[in-house]
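Novice: Model the structure of this input:
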Amino acid sequence: MVIRLPIVCEICGHQTILRIGLGHESVQEHVFACPGCAQDLSIVLDLSKPPNVGVARLSNIKEIVDNQELKSPTILNLHPEFIIPEGDRNRDQVFPWLEQGHALIKKQMNNLERSARLSDADSLLKDETDGRLTVFEAWQLVSRSWSLEIEGKRDLSKLQLAKYNAKGFSGSTSLPEVAFHFLSSALGPVAKELLLPAADCMGEAYDANPIELDRFREYYQTEQIDVATRDVYSVLEEFFRSYADFRQALVYVRFGLPLPSKAAATTENFRITSMYYGNAFEVLADRAVLLAGINNILAGRKYDQFEKMDLKTYLQIDKAGKARAFQSRLEFARLVNEFDNQLRNASHHKRIRINRGSGKIEYQTRQMAEAKKMSYATYLVRCCSITVNLAVIYMLELMLTVDPD
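Specialist: Numbering: from 1, shown residues only. The predicted structure is shown next:
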């Protein structure tokens, strides 16, 4: 369904007709640049009572009630779940998301929908997150439980976890089970593609040296899993604070779909996403210790003995170098396939900006260096990719440390 909403910018007076495709969340937000003055405008829709659509909030714009007031308005297409080709962004009577939806259906046909449990991690991971809960609704519940657990308020956390009724969930209502199910559901098919080969490596490490893997598990339970739970939560909380932006890119990562030619994001709240890549990179680099330890065991060494250093030294090396310890093992290397230290530096040190006119991201790898460029749509996909990598590693951490029922 598409709604048409004529608006006028309160800053410059430019008129725009918004063509907004409706998504599946109860609240839908779009932040976009005014075609006239390039300043941020925003609209929030209330979709909680379908088929009714309400305008919950406007920022820097007002609706044009009388169409006779329209004078050569700009058409602007917005969709919460798809990125559109740049050439279609300002065209009327086009539905670019339908073609992409057909590609998505073909992908879905190749994936069976089965329950994902931490205690049955070898099962195929289901494609859809939303059953009785949408992705964002599920995260709000999981987030409260996760935060309460971190703060040591486990009784309150359990009360929240008892409300988790996402489609296909049959595990115990413990935080590890619920977090594992939520992440596997939110990630869709890409979770199976990344998680299962890496989990097989962990099984091979146990077969090769069960005593050493048990030592690694004990180390992880006492020294690493609490840190992982805290830091991964922090990144995911930031991700979902910016979900209106990331949501339109996540589908391409979940299903391995290519971006449209000359892709244009339709929600551009760069002010709150600019530092995300750098923050996610930092935590991913720290969580790589799991892959490094398993790789050491597979190489016939103790978990804390690397080819040229010990674990203490490894933990202190530059974050950008953490992945070298297991880069030759394809199953693990795929979990750091989005691990760009130059983009991390620009994001982390605020040397990154968006050109509102072109929708391009410009960033410097170092001071005085020539700026690199990419579309904001590409930046969003890369942020989603590094988030997927981090989430899958955390799922592996749960598999290592939590005793299944």
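
Novice: from here on, contacts and neighbour counts on C-alpha atoms
Specialist: Will do.

Novice: domain ranges for the protein?
Specialist: As assigned by automatic domain parsing, the chain contains the domains 2-106, 188-255+262-401.

Novice: which residue ranges form the helices in the stretch 1-150 of the chain?
Specialist: With DSSP state H, counting those that start in this stretch applied, the stretch 1-150 of the chain shows helices at 96-109, 135-150, listed in chain order.

Novice: among the domains of the chain, which is the most enclosed?
Specialist: Ranked by mean neighbour count under mean count of other Cα atoms under 10 Å, these are led by domain 188-255+262-401, which reaches a mean of 19.

Novice: now for it, what's the gap between its first and last residues?
Specialist: 23 Å (Cα to Cα, to the nearest Å).

Novice: Return the distance of it from the chain's centre.
Specialist: 11 Å (Cα atoms, centre = their mean, to the nearest Å).

Novice: How about stretch 88-95?
Specialist: In this view, stretch 88-95 has its centroid 27 Å away from the chain centroid, taken as Cα atoms, centre = their mean.

Novice: State the mean pLDDT of it.
Specialist: Across stretch 88-95, pLDDT averages out at 82.

Novice: mind exporting it as CSV, just the C-alpha atoms?
Specialist: C-alpha atoms of stretch 88-95 as CSV (Å, rounded to 0.1, in the frame of the first residue of the first chain):
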residue,chain,number,x,y,z
ASP,A,88,13.1,6.2,-9.4
ARG,A,89,13.4,8.4,-6.3
ASN,A,90,11.6,11.4,-7.8
ARG,A,91,9.3,9.6,-10.3
ASP,A,92,5.6,9.3,-9.9
GLN,A,93,3.6,6.1,-10.5
VAL,A,94,6.5,3.8,-10.0
PHE,A,95,6.8,0.9,-7.6
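
Novice: thinking again about what came up before, ok, of the domains of the chain, where does mean pLDDT dip lowest?
Specialist: Ranked by mean pLDDT, the domains of the chain bottom out at domain 2-106, with a mean of 88.

Novice: Just give the closest residue to Arg57, not the sequence neighbours.
Specialist: Val44 (5.1 Å; Cα to Cα, 6 or more residues apart in numbering).

Novice: dump the residue contacts of the closest residue to Ala377 other than its chain neighbours.
Specialist: In space, and not counting its chain neighbours, Ala377 is closest to Ala265: 4.9 Å by Cα to Cα, 6+ apart. Contacts for Ala265 (Cα atoms under 8 Å, 6 or more residues apart in numbering) come out as 83-84, 248, 359, 376-377.

Novice: Ser234: which of those residues is nearest?
Specialist: Using Cα to Cα, Gln248 is the member of these that lies nearest Ser234, at 21.3 Å.

Novice: Verify the stated contact: the closest one with Ile84.
Specialist: No. Counting by Cα atoms under 8 Å, Gln248 stays clear of Ile84, with 9.4 Å between them.

Novice: measure Asn279 to Asp310 for me?
Specialist: 26 Å.

Novice: Show me where the stretch 251-400 of the chain has its strands.
Specialist: Assigned by DSSP state E, counting those that start in this stretch, the stretch 251-400 of the chain shows strands spanning 263-264, 352-355, 360-363, 372-375.

Novice: could these go into a markdown table alongside distance to Val8?
Specialist: Output for the strands of the stretch 251-400 of the chain, formatted as a markdown table (distance: least, Cα to Cα, whole Å):
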| stretch | distance to Val8 |
| --- | --- |
| strand 263-264 | 22 |
| strand 352-355 | 22 |
| strand 360-363 | 25 |
| strand 372-375 | 26 |
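
Novice: Out of those strands, the one nearest Leu343 is which?
Specialist: Taking the strands of the stretch 251-400 of the chain one by one with Cα to Cα, strand 360-363 is closest: 7.6 Å.

Novice: what sits against the closest residue to Ala264 other than its chain neighbours?
Specialist: Using Cα to Cα, 6+ apart and skipping the chain neighbours, the partner closest in space to Ala264 is Glu86 (4.9 Å). Contacts for Glu86 (Cα under 8 Å, 6+ apart) come out as 261-264.

Novice: okay, the domains of the chain in TSV with distance to Gly152 next?
Specialist: As requested, the domains of the chain are exported to TSV (distance: least, Cα to Cα, whole Å):
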stretch	distance to Gly152
domain 2-106	31
domain 188-255+262-401	11
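
Novice: Thanks again, I'm all set now.
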